[in-house]
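Enquirer: Kindly generate the corresponding structure for this input.
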Amino acid sequence: MCGIVGYIGPREAYPILIKGLKRLEYRGYDSAGVALLNGDLNVYKCSGKVADLEEFIIGKDISGTLGMAHTRWATHGVPNDSNAHPHYSESENLAIIHNGIIENYKTLKEELLNRGHKFASDTDTEVLIQLVEDILVNEKVELEEAIRIALNQVVGAYAIVIISKDDPDTLYAARKGSPLVVGIGKDEFFLASDATPIVEYTKNVVYLKEEEMAILRRGGDFKIKTIENREQTPYIQKLELNLSAIEKGGFDHFMLKEIYEQPRSIRDSFRGRLKPDGKIVLGGIRDYEQKIFNAHRIIIIACGTSWHAGLVGEYVIEDIARIPVVVEYASEFRYRNPVITEDDVVLAISQSGETADTLAAIELARSKGATILGICNVVGSSIARATHAGIYTHAGPEIGVASTKAFTAQVTILILLALRIAHQKGHIPESKYQQYVREMELIPGKVEKALAVNDYIKEIAEKYKHARNFLYLGRGYNFPVALEGALKLKEISYIHAEGYPAAEMKHGPIALIDEEMPVVFIAPSTSTYEKVISNIEEVKARKGKIIAIVTEGDTKVRELADHVIEIPATEELLTPLLATIPLQLLSYHMAVLRGCNVDQPRNLAKSVTVE
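Expert: Numbers count the residues shown, from 1 in each chain. Predicted coordinates:
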């Protein structure tokens, strides 16, 4: 959600900034802009994509070795040219870019209007830069101090970069509740909302912490302070990200690439954790394992696809580890006064590790004394720092907005955790435990086999690309898979789709079934197989079009379904890792055939950093 890039150093800034914005397009946005300092402070911005910005800038002065750029996902004010970032201050001596939301901007704006200030946009961001300039002029302080004073007056979340016409050798940046990373090169600095625009220039980075400011000066001098003016010692980390991981690698879209990366990403999720002797070692939570083993309850908090992974986690943890689990939407958890005790363990799941709703839920759970563990993909992210301990999924960068490999990686981690608890507490026989472990090691190869049906799924997509509605049905472990399949379809193809427990069809959704309604059944050979067949019969009797995901060699469903997609046989609790693959491919091909922007679906953002 929104993207930030900044540069100061000996190189021309514009090519670095534009390339950086293109690296960040996956985050979701509706306008883009750039500010360059070369004696003059030039701001160029427009609604639309980065390509539109490039066209708009043709013929304009793009010189300068200090600059910043932004892609905006609209919150305050419609997506148009004037609301796009960067924003000037009233004098046009300062400019700002900003991710996040200033919650008290209306009060601040009213005060500034009363003092005679005029505004050129509807955004909360312009209010912040006007406030900075008001303090700078009226309190006669240095810009660094003016920014610090202003940030102590605002309520909300922000990652900001500010440049000044009167200070051509400094970039100012700060963050609270929205990520910001500083790249440290030779006599140059880079800023970005994540590491993807930085990786080709330097491997040395500093992740700004909550309420920290970075003051980056030409020539390589930099300081980090809190907004309370306490100087901090920077913790410089080495990026593990490789440039090849954020390029398409011959695939038409990042989403398709990431679907096909799942054999590797699942293997990487359990690599080093699943030992040759069958033991499971989760080093990131070792110090809290006893707390988990003795937990009265596990609360899983997440949003979107991560919530669906959490639902799989609920099924598997309760089934084999015998600990009560509740799965909560993080956005609701914070506001419903939940009952949380010190005996609870909270699992916070997020691909980006920056999800604002999940971070707010963590804060609430921490205030109640619960032990909080994180499951996320991005090293050094806010959730990784806000939790007591956690487990990285190691899925690698996920650029496509619609999550695919992050889902299967999260499910893999949750299954490993459930097996670890179950084995430690003696809830499953040793022979059964070893059977699960052996089967887990085979899953990457079976995912490769599940991917082999891609061409057939494309044929199915061709038949239903004009459908207006889809229904996804599953039972047990595969009910969450139905939810995730429906979400993928609606996210990227804009077809209305709903997921339900198959038995719930009779309690309402069956009214929708006719010859125009495609119904996707997740129907592998599991303990609920016969029940699902009964549900398929009910749809067939009402002339619905049936697409079924089944175990290899299935004959019963084949007699009933219009289309059958086979997946390899596996243990029941592992079926979500295989059953979700054809659903991802189906949504992908439907979107491509409908001419949709697969990697950047409308209105969506990859990292949702506002509540």
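Enquirer: any weak-confidence spans in this structure?
Expert: 1, 27-28, 241-246, 605-611 (pLDDT under 70).
Enquirer: switch to 50 and redo it
Expert: Counting by pLDDT under 50, not a single residue of the chain qualifies.
Enquirer: so residue 321 sits right up against residue 418, yeah?
Expert: Yes. Distance between residue 321 and residue 418: 4.9 Å, which falls inside the contact criterion (C-beta atoms under 8 Å). Heads up, the C-betas are built off the backbone N, CA and C, glycines and all.
Enquirer: Please identify which of these two sits among more neighbours.
Expert: Using other C-beta atoms under 10 Å as the criterion, residue 321 and residue 418 rank with residue 418 on top: 29 against 23.
Enquirer: Could you say which helix or strand holds the more buried one?
Expert: Using DSSP states H and E, residue 418 sits within helix 405-425.
Enquirer: got the CA coordinates for that helix in CSV?
Expert: Only the C-alpha atoms of helix 405-425 are listed here, as CSV (Å, rounded to 0.1, in the frame of the first residue of the first chain):
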residue,chain,number,x,y,z
LYS,A,405,3.1,-19.0,-2.1
ALA,A,406,2.8,-17.1,1.1
PHE,A,407,-0.5,-19.0,1.9
THR,A,408,1.1,-22.4,1.4
ALA,A,409,4.2,-21.4,3.3
GLN,A,410,2.1,-20.2,6.3
VAL,A,411,0.1,-23.4,6.2
THR,A,412,3.3,-25.4,6.2
ILE,A,413,4.6,-23.6,9.3
LEU,A,414,1.3,-24.1,11.1
ILE,A,415,1.4,-27.8,10.3
LEU,A,416,5.0,-28.0,11.6
LEU,A,417,3.9,-26.3,14.8
ALA,A,418,1.0,-28.6,15.3
LEU,A,419,3.1,-31.6,14.8
ARG,A,420,5.7,-30.3,17.2
ILE,A,421,3.1,-29.8,19.9
ALA,A,422,1.4,-33.1,19.3
HIS,A,423,4.6,-35.0,19.4
GLN,A,424,5.9,-33.3,22.5
LYS,A,425,2.6,-33.9,24.3
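Enquirer: tell me what it is packed against?
Expert: Helix 405-425 makes packing contacts with helix 262-270, helix 289-293, helix 304-316, strand 371-376, helix 430-451, helix 575-593 when contacts are defined by 3 or more C-beta pairs under 8 Å, 6 or more residues apart in numbering; DSSP states H and E.
Enquirer: do that again at 6 Å, thanks
Expert: Using 3 or more C-beta pairs under 6 Å, 6 or more residues apart in numbering; DSSP states H and E as the contact criterion, the secondary-structure elements in contact with helix 405-425 are helix 262-270, helix 304-316, helix 575-593.
Enquirer: Kindly calculate the angle that it makes with helix 304-316.
Expert: Taking axes from the mean of the first three to the mean of the last three C-alpha atoms, to 10 degrees, one finds that helix 405-425 is oriented at 20 degrees with respect to helix 304-316.
Enquirer: Show me what counts as buried in helix 405-425.
Expert: In terms of neighbour count (16 or more other C-beta atoms under 10 Å), helix 405-425 has its buried residues at 405-423.
Enquirer: what's that helix in contact with?
Expert: Outside of helix 405-425, the residues within contact range by C-beta atoms under 6 Å, 6 or more residues apart in numbering are 258, 261-262, 265-266, 269-270, 280, 293, 305, 309, 312-313, 316-317, 320-321, 349, 351, 375, 377, 391, 393, 395, 398, 428, 433, 436, 576-577.
Enquirer: Next, report how far that helix is displaced from the centre of its chain.
Expert: Helix 405-425 has its C-alpha centroid displaced from the chain centroid by 20 Å (C-alpha atoms, centre = their mean, to the nearest Å).
Enquirer: Same check on stretch 83-94?
Expert: Going by C-alpha atoms, centre = their mean, the spacing between the C-alpha centre of stretch 83-94 and its chain's C-alpha centre is 29 Å.
Enquirer: again with stretch 379-390
Expert: If you compare the mean C-alpha spot of stretch 379-390 with that of the full chain, they lie 14 Å apart, counting by C-alpha atoms, centre = their mean.
Enquirer: List the buried residues in it.
Expert: Going by 16+ other C-beta under 10 Å, stretch 379-390 has these buried residues: 380-384, 386-390.
Enquirer: farthest pair in those?
Expert: Using C-beta to C-beta, the pair of the buried residues of stretch 379-390 lying farthest apart is 380 and 388, separated by 16.2 Å.
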